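**Q** Here is a sequence together with a model predicted from it:
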Amino acid sequence: MRFDLPDAYWKKDVALFFSRRFALILKMLYPMAIIVPVAASGMPAKYAAAVIGIVAVMAGTFGAGESLTIDLNDGILARVALTPLSPYRIVFEVLVVNAVLDLVQLLPALLIVYLLHPVSLVWILAATLAVFATLVTANCIGIFIANFTSSPADVLLYATAILFPLIYLSGFFRNQHPTGIRQTLRDFVPFSYTDDALKTVFGLSTGTTPLEVLIYPTIICAVLAGAVCLTAPRLLSQRL
(Lines give C-alpha, C1' and ligand atoms only; values in the text may rest on other atoms or scores of the structure.)
Protein backbone atom coordinates (compact mmCIF):
# COMPACT_ATOMS: atom_id res chain seq x y z
CA MET A 1 0.00 0.00 0.00
CA ARG A 2 1.42 3.39 -1.04
CA PHE A 3 0.74 6.67 0.72
CA ASP A 4 1.96 10.23 0.58
CA LEU A 5 3.21 11.11 4.06
CA PRO A 6 2.81 14.92 3.91
CA ASP A 7 -0.73 14.65 2.55
CA ALA A 8 -1.99 11.71 4.60
CA TYR A 9 0.04 10.97 7.70
CA TRP A 10 -2.78 8.82 9.11
CA LYS A 11 -2.42 6.35 6.23
CA LYS A 12 0.84 5.14 7.75
CA ASP A 13 -1.02 3.44 10.59
CA VAL A 14 -3.55 1.94 8.19
CA ALA A 15 -0.77 0.59 5.97
CA LEU A 16 1.09 -0.92 8.92
CA PHE A 17 -2.11 -2.48 10.26
CA PHE A 18 -3.11 -4.26 7.06
CA SER A 19 0.23 -4.88 5.33
CA ARG A 20 1.66 -7.40 7.81
CA ARG A 21 -0.59 -10.41 7.32
CA PHE A 22 0.68 -12.59 10.13
CA ALA A 23 0.57 -9.71 12.61
CA LEU A 24 -2.93 -8.81 11.39
CA ILE A 25 -4.14 -12.38 11.96
CA LEU A 26 -2.73 -12.31 15.49
CA LYS A 27 -4.36 -8.94 16.17
CA MET A 28 -7.74 -10.28 15.07
CA LEU A 29 -7.39 -13.60 16.91
CA TYR A 30 -6.19 -12.12 20.21
CA PRO A 31 -9.52 -10.54 21.25
CA MET A 32 -11.48 -13.51 19.90
CA ALA A 33 -9.36 -15.92 21.93
CA ILE A 34 -10.31 -14.05 25.10
CA ILE A 35 -13.83 -12.77 24.41
CA VAL A 36 -15.47 -15.70 22.61
CA PRO A 37 -14.78 -18.31 25.35
CA VAL A 38 -16.10 -15.85 27.93
CA ALA A 39 -19.25 -15.22 25.91
CA ALA A 40 -19.83 -18.95 25.44
CA SER A 41 -19.02 -19.99 28.99
CA GLY A 42 -22.14 -18.94 30.84
CA MET A 43 -20.05 -16.69 33.11
CA PRO A 44 -22.13 -14.22 35.19
CA ALA A 45 -22.95 -11.12 33.20
CA LYS A 46 -21.02 -8.68 35.39
CA TYR A 47 -17.79 -10.67 35.00
CA ALA A 48 -18.23 -11.28 31.27
CA ALA A 49 -18.84 -7.56 30.72
CA ALA A 50 -15.75 -6.72 32.77
CA VAL A 51 -13.52 -9.03 30.72
CA ILE A 52 -14.65 -7.54 27.40
CA GLY A 53 -14.40 -4.02 28.77
CA ILE A 54 -10.84 -4.58 29.97
CA VAL A 55 -9.85 -6.05 26.59
CA ALA A 56 -11.22 -2.93 24.89
CA VAL A 57 -9.39 -0.64 27.31
CA MET A 58 -6.09 -2.44 26.79
CA ALA A 59 -6.53 -2.49 23.01
CA GLY A 60 -6.89 1.28 23.06
CA THR A 61 -3.76 1.85 25.13
CA PHE A 62 -1.64 0.31 22.36
CA GLY A 63 -3.01 2.81 19.84
CA ALA A 64 -2.12 6.35 18.98
CA GLY A 65 0.18 7.17 21.89
CA GLU A 66 2.65 4.38 21.18
CA SER A 67 2.58 5.08 17.45
CA LEU A 68 3.27 8.78 17.99
CA THR A 69 6.22 8.20 20.31
CA ILE A 70 7.79 5.79 17.82
CA ASP A 71 7.41 8.36 15.04
CA LEU A 72 8.78 11.02 17.37
CA ASN A 73 11.93 8.99 17.94
CA ASP A 74 12.25 8.26 14.22
CA GLY A 75 12.00 11.96 13.36
CA ILE A 76 8.80 11.50 11.33
CA LEU A 77 6.78 13.93 13.45
CA ALA A 78 9.46 16.60 13.08
CA ARG A 79 9.17 16.34 9.30
CA VAL A 80 5.37 16.29 9.36
CA ALA A 81 5.40 19.43 11.53
CA LEU A 82 7.22 21.28 8.72
CA THR A 83 4.34 20.72 6.28
CA PRO A 84 1.49 23.25 5.92
CA LEU A 85 -0.96 20.75 7.42
CA SER A 86 -2.70 21.89 10.59
CA PRO A 87 -1.26 20.11 13.65
CA TYR A 88 -4.78 19.88 15.07
CA ARG A 89 -5.94 18.04 11.97
CA ILE A 90 -2.97 15.67 12.13
CA VAL A 91 -3.62 14.71 15.75
CA PHE A 92 -7.38 14.39 15.19
CA GLU A 93 -6.85 12.06 12.24
CA VAL A 94 -4.37 9.95 14.20
CA LEU A 95 -6.86 9.66 17.08
CA VAL A 96 -9.82 8.69 14.90
CA VAL A 97 -7.91 6.28 12.67
CA ASN A 98 -6.30 4.43 15.57
CA ALA A 99 -9.63 4.14 17.41
CA VAL A 100 -11.29 2.80 14.25
CA LEU A 101 -8.48 0.28 13.71
CA ASP A 102 -8.87 -0.87 17.31
CA LEU A 103 -12.60 -1.32 16.71
CA VAL A 104 -11.90 -3.34 13.56
CA GLN A 105 -9.71 -5.58 15.70
CA LEU A 106 -12.50 -6.14 18.25
CA LEU A 107 -15.50 -6.21 15.93
CA PRO A 108 -15.41 -9.92 14.92
CA ALA A 109 -15.38 -10.95 18.58
CA LEU A 110 -18.22 -8.53 19.36
CA LEU A 111 -20.30 -9.91 16.53
CA ILE A 112 -19.91 -13.42 17.94
CA VAL A 113 -21.00 -12.10 21.35
CA TYR A 114 -24.14 -10.64 19.78
CA LEU A 115 -24.84 -13.97 18.03
CA LEU A 116 -24.47 -15.92 21.28
CA HIS A 117 -26.47 -13.39 23.28
CA PRO A 118 -29.14 -11.93 20.97
CA VAL A 119 -30.42 -8.49 21.93
CA SER A 120 -32.33 -5.77 20.12
CA LEU A 121 -30.63 -3.83 17.35
CA VAL A 122 -30.63 -0.65 19.42
CA TRP A 123 -28.62 -2.38 22.17
CA ILE A 124 -26.19 -3.79 19.61
CA LEU A 125 -25.61 -0.27 18.29
CA ALA A 126 -25.36 1.15 21.81
CA ALA A 127 -22.88 -1.50 22.98
CA THR A 128 -20.73 -1.11 19.87
CA LEU A 129 -20.68 2.68 20.22
CA ALA A 130 -19.83 2.34 23.90
CA VAL A 131 -16.87 0.09 23.06
CA PHE A 132 -15.74 2.62 20.45
CA ALA A 133 -16.00 5.39 23.06
CA THR A 134 -13.78 3.32 25.34
CA LEU A 135 -11.22 2.98 22.54
CA VAL A 136 -11.32 6.71 21.80
CA THR A 137 -10.84 7.52 25.49
CA ALA A 138 -7.85 5.18 25.81
CA ASN A 139 -6.28 6.63 22.67
CA CYS A 140 -6.85 10.18 23.96
CA ILE A 141 -4.96 9.25 27.10
CA GLY A 142 -2.14 7.80 25.01
CA ILE A 143 -1.84 10.94 22.88
CA PHE A 144 -1.88 13.17 25.96
CA ILE A 145 0.95 11.16 27.54
CA ALA A 146 2.94 11.32 24.29
CA ASN A 147 3.24 15.06 24.90
CA PHE A 148 5.48 14.37 27.87
CA THR A 149 7.54 11.31 26.94
CA SER A 150 9.25 9.89 23.87
CA SER A 151 9.27 6.30 25.15
CA PRO A 152 6.55 3.88 23.94
CA ALA A 153 7.08 1.86 27.12
CA ASP A 154 6.41 4.94 29.24
CA VAL A 155 3.18 5.60 27.33
CA LEU A 156 1.91 2.15 28.28
CA LEU A 157 3.09 2.51 31.87
CA TYR A 158 1.58 5.95 32.44
CA ALA A 159 -1.62 5.02 30.59
CA THR A 160 -2.07 2.01 32.84
CA ALA A 161 -1.64 4.21 35.91
CA ILE A 162 -4.31 6.59 34.61
CA LEU A 163 -6.65 3.87 33.36
CA PHE A 164 -6.70 1.84 36.56
CA PRO A 165 -8.69 4.35 38.66
CA LEU A 166 -10.98 5.01 35.69
CA ILE A 167 -11.61 1.28 35.36
CA TYR A 168 -12.41 1.11 39.06
CA LEU A 169 -14.81 4.04 38.88
CA SER A 170 -16.51 2.54 35.82
CA GLY A 171 -17.71 -0.45 37.85
CA PHE A 172 -15.76 -3.30 36.27
CA PHE A 173 -14.35 -4.39 39.63
CA ARG A 174 -17.30 -3.65 41.91
CA ASN A 175 -20.41 -5.72 42.60
CA GLN A 176 -22.63 -2.92 43.90
CA HIS A 177 -23.83 0.30 42.33
CA PRO A 178 -21.97 3.36 43.63
CA THR A 179 -23.66 6.27 45.35
CA GLY A 180 -22.82 9.89 46.03
CA ILE A 181 -19.62 11.29 44.59
CA ARG A 182 -18.54 7.95 43.09
CA GLN A 183 -21.78 7.76 41.12
CA THR A 184 -21.25 11.32 39.87
CA LEU A 185 -17.68 10.56 38.84
CA ARG A 186 -18.80 7.32 37.18
CA ASP A 187 -21.18 9.23 34.94
CA PHE A 188 -18.20 11.08 33.42
CA VAL A 189 -16.21 7.92 32.61
CA PRO A 190 -17.02 6.49 29.14
CA PHE A 191 -15.96 3.02 30.34
CA SER A 192 -18.99 2.90 32.65
CA TYR A 193 -21.40 3.02 29.72
CA THR A 194 -19.50 0.18 28.07
CA ASP A 195 -19.89 -1.82 31.27
CA ASP A 196 -23.63 -1.14 31.47
CA ALA A 197 -24.21 -1.88 27.78
CA LEU A 198 -22.30 -5.16 27.87
CA LYS A 199 -24.08 -6.25 31.05
CA THR A 200 -27.36 -5.68 29.23
CA VAL A 201 -26.13 -7.74 26.27
CA PHE A 202 -25.39 -10.58 28.70
CA GLY A 203 -28.86 -10.31 30.21
CA LEU A 204 -28.31 -8.18 33.32
CA SER A 205 -30.48 -5.07 33.70
CA THR A 206 -28.59 -1.95 34.81
CA GLY A 207 -31.17 0.81 34.54
CA THR A 208 -29.15 2.57 31.85
CA THR A 209 -31.13 3.24 28.67
CA PRO A 210 -29.81 2.79 25.11
CA LEU A 211 -30.25 6.52 24.54
CA GLU A 212 -27.96 7.31 27.49
CA VAL A 213 -25.35 4.90 26.16
CA LEU A 214 -25.58 6.49 22.73
CA ILE A 215 -25.48 10.13 23.81
CA TYR A 216 -23.38 10.57 26.95
CA PRO A 217 -20.19 8.75 25.87
CA THR A 218 -20.34 10.57 22.54
CA ILE A 219 -20.42 13.96 24.26
CA ILE A 220 -17.65 13.03 26.72
CA CYS A 221 -15.42 11.65 23.97
CA ALA A 222 -15.98 14.74 21.82
CA VAL A 223 -14.79 16.92 24.70
CA LEU A 224 -11.79 14.65 25.34
CA ALA A 225 -10.86 14.59 21.65
CA GLY A 226 -11.10 18.38 21.46
CA ALA A 227 -8.91 18.79 24.54
CA VAL A 228 -6.29 16.36 23.23
CA CYS A 229 -6.19 18.05 19.83
CA LEU A 230 -5.36 21.34 21.59
CA THR A 231 -2.06 19.74 22.61
CA ALA A 232 -1.10 19.23 18.96
CA PRO A 233 1.38 22.15 18.72
CA ARG A 234 3.32 20.84 21.71
CA LEU A 235 3.17 17.26 20.48
CA LEU A 236 4.58 18.19 17.08
CA SER A 237 7.14 20.64 18.44
CA GLN A 238 10.84 19.91 18.32
CA ARG A 239 12.02 17.91 21.35
CA LEU A 240 15.44 18.50 22.85
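**A** Yep, that arrived.
**Q** Within the helices and strands, which one has the residue nearest the centre of the chain?
**A** The centroid of the chain falls nearest to Leu135 when counting by Cα atoms, centre = their mean (1.1 Å). Using DSSP states H and E, Leu135 falls within helix 121-146.
**Q** if we can go back for a sec, pull the contacting residues for the residue nearest to the centre of the chain.
**A** Residues counted as contacts of Leu135 (Cβ atoms under 8 Å, 6 or more residues apart in numbering) are Ala56, Ala59, Gly60, Gly63, Ala99, Asp102, Leu103, Leu106. (C-beta placed from N, C-alpha, C; glycine too.)
**Q** So for it, what pLDDT did the model give?
**A** pLDDT recorded at Leu135 is 94.
**Q** Could you do Ile76 as well?
**A** On the pLDDT scale, Ile76 gets 82.
**Q** and it, how many neighbours does it have?
**A** 16 (other Cβ atoms under 10 Å).
**Q** Distance of it relative to Ala227?
**A** The spacing between Ile76 and Ala227, counted by Cβ to Cβ, to the nearest Å, is 24 Å.
**Q** go on, Phe18?
**A** Taking Cβ to Cβ as the measure, Phe18 falls 30 Å from Ala227.
**Q** And Ala8, by the same measure?
**A** Using Cβ to Cβ, Ala8 is found at 24 Å from Ala227.
**Q** Looking at those two, which one has more neighbours?
**A** Ala8 (14 against 11).
**Q** Next, that one: secondary structure please.
**A** coil (DSSP: H, G, I helix; E, B strand; the rest coil).
**Q** So for it, what's the pLDDT?
**A** Taking Ala8 on its own, its pLDDT is 71.
**Q** if I read this right, Thr69 contacts Leu156, doesn't it?
**A** No. Contact criterion Cβ atoms under 8 Å: Thr69 and Leu156 do not qualify, at 9.8 Å.
**Q** more crowded one of those two?
**A** Neighbours were counted for Thr69 and for Leu156 using other Cβ under 10 Å; Thr69 has more, 24 against 18.
**Q** Grab the nearest non-local neighbour of the more buried one.
**A** Pro152 (4.8 Å; Cβ to Cβ, 6 or more residues apart in numbering).
**Q** how deep is that neighbour tucked in, by neighbour count?
**A** Around Pro152 there are 19 other residues, counting by other Cβ under 10 Å.
**Q** List the contacts of it.
**A** Neighbouring residues of Pro152 by Cβ under 8 Å, 6+ apart: Gly65, Glu66, Thr69, Ile70.
**Q** For the first one, which non-adjacent residue is spatially closest?
**A** If the residues on either side of it in the chain are set aside, Gly65 comes closest to Gly142, at 2.3 Å by Cβ to Cβ, 6+ apart.
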